[in-house]
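In: please find the sequence and the predicted model below.
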2 protein chains.
Amino acid sequence: MTAAIISIGDELLIGQVINTNAAFISRQLGLAGVDVRRVVTVADELDQILHALEEEFSRHDLTVVTGGLGPTHDDITRTAMCRFFRTDLVRNPVVRRHIEQWLESRGRSWNDAAENQTMVPRGAIIMPNRVGTAPGEIFEESGKLCAVMPGVPYEMEAMVTESLLPFLRKRGTGGVVVHRTLRTTGIAESVLAERLGDLDQLLQGTRLAFLPSPSGVRLRITLVGTDAKECEESVRSVEARIRAKVEKFIFGTDEEDLETVVGRILEERHMTVSVAESCTGGLIAHLLTNVPGSSRYFERGVVAYSNLAKTHILSVPESDLRAHGAVSSRVAEAMADGIRRLSDASIGISTTGIAGPSGGTKEKPVGLVWIGYADKSTVFSREFRFGNDRLRTKERAAYAALELMRRHVLGIT
Amino acid sequence: MTAAIISIGDELLIGQVINTNAAFISRQLGLAGVDVRRVVTVADELDQILHALEEEFSRHDLTVVTGGLGPTHDDITRTAMCRFFRTDLVRNPVVRRHIEQWLESRGRSWNDAAENQTMVPRGAIIMPNRVGTAPGEIFEESGKLCAVMPGVPYEMEAMVTESLLPFLRKRGTGGVVVHRTLRTTGIAESVLAERLGDLDQLLQGTRLAFLPSPSGVRLRITLVGTDAKECEESVRSVEARIRAKVEKFIFGTDEEDLETVVGRILEERHMTVSVAESCTGGLIAHLLTNVPGSSRYFERGVVAYSNLAKTHILSVPESDLRAHGAVSSRVAEAMADGIRRLSDASIGISTTGIAGPSGGTKEKPVGLVWIGYADKSTVFSREFRFGNDRLRTKERAAYAALELMRRHVLGIT
């Protein structure tokens, strides 16, 4: 089963609102074996909506329309649907009762907008709106389906999960789509491609996408088929072949973040970590503490921006700062060791670098970062070059520090 | 000038990546007076891309294509563009030099992927990629334009700002759109709407959008017209009327972040700040240090997640922790005062709260946050309730702490 999504709303076209709805619907349909082929965003205008329906409805087995079902004047999706499917509006007593109860439970009185929402297209299947007032609808014509839902994200999400997916599963979608994402870090997209070598041989019919992000490149394997078990097996064997080539760069799978993976590794080993950050400015601590339960292994962080803070809290020797400068291997190591001793954590991690845009020299250019690591048996540091974008350098340095810890703890060299 | 955006990428269609690129491009084109009419997302497949180009290119003055320009095999946009505009690839020495320098500055060697990226469509205008390797292109045919850019967000963003917009401004887009955004924080959208009262009277022909974000609600005033000066004047007078009603909640305008505004306020007054964070986990330090030059006023940060860290580095009395618990007014104040004294900064800021998802009780539910403030003459704290989403609570608490500092320093009550 193939599908198109039509997202309706001026707020999407002027970039005021990001189209998260389409991504949610795509993910959910994908899990149900429906292959989303196109997403089209159009304005709250009757001719634009009709034009999009004409283009998409006949081409796909399913067309999902969201937005423009509310009570305000710019919501004209319902009118467009009636026009497109040559039907009219009828009052629906079930919808009416739901809206009555909805308003009553909120102490609000009946109004014109509520009255208006009790009218639904004749002949459509109604999808109730558990968390709002505007109902959704499913139209069927010549074996093709069109589902219409509100644009308010949580209303749409509840409707997809509670009505649309069960409806589709009952009819059968005739296909399965199996995805597997391997998350890499510390390796550029082009180097990764080179290491993987001949892709046709590697993939044997599956598809592979390279998806770069600040934390690293995700490798997504996809296979569309009819037998779920067979597809799973093929994808697993491709995964195994990829792992054989680039295993050490793969920190997790699917939706696992690096900070979550690192946290799990520490927790399993009953280890704790403290961080001493200069150029990352608190980002490593922020990432680590984004993970629920991180208080079990994250002991503390210090953002030592000034030299005074480095000597004062972290006991970095003033002589090191003078002889090597704040951005140096020696200072990175002294910071990592200092925070570890101060906090009595298993591991100390540090960053010191030149985030920019100013402060660079020929020897120490903007983007230069030293990352330090210390535990009871070792102290070391590594040099990185992250380019000249301040935020990007902070992000890349923070992820590099987490990855350096992951590899050292796991003994990956 | 009207435009369509074609976003290319399987990752968008399966919902793995949310299409933030289209929103960014729409906003930027809007500011340049270009009216985006449609956004179409298609798969990394040659026929899909060509089909979308055929549908969109002839209908709009400008078609913007993003995605699929990287060096790996799934990137077939360049092939599609050559096919659509009946041209072929030629080696470009300027692009080659840029990629050479790029690789060199990162200590990487020349490879096939790099070689591949030096080839650009003959006859196209090249848009350099300052923060990556794949260049962008602008095609022109029968008075219509097509701009092609990489899908990596920061590469595309730099290219839009530095090449595409200047190009469009030079050609002229035939209209003016004047926007003015007032950035508020610490007030809910509905309360803001209530305070503004009758919008028709307030706006007099301009449009007003309420844009909620983690840092607060942005109020965007928009006016479309032909005379730039007249439009500017109308928008300014609407701004003055809005300010008269909600001035104290407005911390900045347009793209000014709260962290940038707070930094400027501190720098102008020769003040410094240190932060002691518990529940925000380093996010306040991260936000403050995102601002170039923040080392002039940001002294240091401590992420005191454990009670030990609170007593140890920040000198929070153990008796306060025992009597009131870590999440309390007393501890917030002791933390703020402790970090200020420790670092000899003008101001100390602290957060302590229950970010969740677990750890809440009836008296101290998930989402409860105390924010502390200390300077030489005063120490105080404020209680906040931020709901049960961990990341959202961290963000809202961090911005509330910055805003509390802004208002206190400026004497706004």
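Out: Nice, thanks for sending it over.
In: what is the burial count for the closest residue to chain B within the stretch 101-250 of chain A?
Out: Nearest residue of the stretch 101-250 of chain A to chain B (Cβ to the nearest Cβ) works out as A:S190 at 3.7 Å. (Each C-beta comes from the backbone N, C-alpha and C, glycine too.) A:S190 has 22 neighbours, counted by other Cβ atoms under 10 Å in any protein chain shown.
In: repeat that for A:G151.
Out: What A:G151 shows, counting by other Cβ under 10 Å, is a neighbour count of 24.
In: shaky segments in chain A?
Out: A:70-75 (pLDDT under 70).
In: what's the distance between the residue of it most remote from its centre and A:G325?
Out: In chain A, the residue that sits farthest from the middle, by Cα atoms, centre = their mean, is A:S319; the gap is 44.9 Å. For A:S319, the distance to A:G325 equals 12 Å [Cβ to Cβ, to the nearest Å].
In: what's the answer for A:K170, then?
Out: 68 Å.
In: contact partners for the residue nearest to the spatial centre of chain A?
Out: By Cα atoms, centre = their mean, chain A has its centre lying nearest to A:E255, at 7.5 Å. Residues in contact with A:E255 (Cβ atoms under 8 Å, 6 or more residues apart in numbering or on different chains) are A:T181.
In: let's see 10 Å
Out: A:T181, A:R183, B:Q16 (Cβ atoms under 10 Å, 6 or more residues apart in numbering or on different chains).
In: just say helix, strand or coil for the second one.
Out: Put plainly, it is A:R183. Secondary structure, DSSP: H, G, I helix; E, B strand; the rest coil: A:R183 is strand.
In: chain neighbours aside, what residue packs nearest to it?
Out: A:G252 (4.7 Å; Cβ to Cβ, 6 or more residues apart in numbering or on different chains).
In: now do the one you found against A:S215, distance only.
Out: A:G252 is 10 Å from A:S215, by Cβ to Cβ.
In: overlap in contacts of these two?
Out: Counting by Cβ under 10 Å, 6+ apart, the residues touching both A:G252 and A:S215 are A:R183, A:T184, A:T185, A:L258.
In: from those, which two are the most distant?
Out: Greatest spacing in those, by Cβ to Cβ: A:T184 and A:L258 (10.1 Å).
In: so which helix or strand takes in A:E137?
Out: Following DSSP states H and E, one finds A:E137 within strand A:136-141.
In: quick one: list the elements packing against that strand.
Out: strand A:62-66, helix A:77-84, strand A:119-121, strand A:125-127, strand A:144-149, helix A:153-159, helix A:165-171 (3 or more Cβ pairs under 10 Å, 6 or more residues apart in numbering or on different chains; DSSP states H and E).
In: A:K170 and A:G325: which is more packed in?
Out: The neighbour comparison of A:K170 against A:G325 (other Cβ under 10 Å) goes to A:G325, with 15 against 7.
In: let me see the backbone angles for the more buried one.
Out: Main-chain torsions, A:G325, degrees, to the nearest 10: phi 80, psi 160.
In: B:K170 versus A:E141, what's the distance?
Out: Distance from A:E141 to B:K170, by Cβ to Cβ: 49 Å.
In: show me which positions of stretch A:255-272 end up buried.
Out: A:D257, A:L258, A:E259, A:T260, A:V261, A:V262, A:G263, A:I265, A:L266, A:T272 (16 or more other Cβ atoms under 10 Å in any protein chain shown).
In: pick the one among the contacts of A:E255 closest to B:V369.
Out: Proximity of these to B:V369 (Cβ to Cβ) peaks at A:R183, which lies at 31.7 Å.
In: that closest one and A:F251 touch, don't they?
Out: Yes - with contact defined as Cβ atoms under 10 Å, A:R183 reaches A:F251; the gap is 5.8 Å.
In: touching both of the two, which residues are there?
Out: A:S215, A:G216, A:D257, A:L258, A:V261.
In: pretty sure the fourth one sits against A:T185.
Out: Just to be clear, that refers to A:L258. Yes - assessed by Cβ under 10 Å, A:L258 is found in contact with A:T185 at 6.0 Å.
In: what touches both of the two?
Out: Common neighbours of A:L258 and A:T185 (Cβ under 10 Å, 6+ apart) are A:S215, A:G216, A:F251, A:G252, A:Y399, A:A400, A:L402, A:E403, A:R406.
In: strands - which of these land there?
Out: Under the assignment DSSP state E, these contribute A:G216, A:F251, A:G252 to strands.
In: are any of those buried, and which?
Out: A:G216, A:F251, A:G252.
In: mind listing what the first one touches?
Out: So the one you mean is A:G216. So A:G216 contacts A:183-189, A:192, A:249-252, A:258, A:396, A:399-400, A:403 (Cβ under 10 Å, 6+ apart).
In: returning to that earlier point: now the contacts of A:E255 in a markdown table, with distance to B:P365?
Out: Putting the contacts of A:E255 into a markdown table (distance: Cβ to Cβ, whole Å) gives the following:
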| residue | distance to B:P365 |
| --- | --- |
| A:T181 | 36 |
| A:R183 | 34 |
| B:Q16 | 34 |
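In: just the buried residues of the helix or strand harbouring A:A240, please?
Out: Taking DSSP H and E as the definition, A:A240 sits inside helix A:228-246. For helix A:228-246, a neighbour-count test (16+ other Cβ under 10 Å) marks A:C231, A:S234, A:V235, A:V238, A:E239, A:I242, A:V246 as buried.
In: the third one against A:T222, yeah?
Out: Same thing as A:V235. Yes - counting by Cβ under 10 Å, A:T222 is a contact partner of A:V235 at 7.9 Å.
In: now for the two: what residues contact both?
Out: Joint contacts of A:V235 and A:T222 (Cβ under 10 Å, 6+ apart) are A:V178, A:H179, A:R180, A:T206.
In: keep only those of those that are in strands.
Out: Filtering the shared contacts of A:V235 and A:T222 for strands - DSSP E - leaves A:V178, A:H179, A:R180.
In: I'd like the distance between the last one and A:V246.
Out: Put plainly, it is A:R180. In this structure, A:R180 lies at 14 Å from A:V246, with Cβ to Cβ as the measure.
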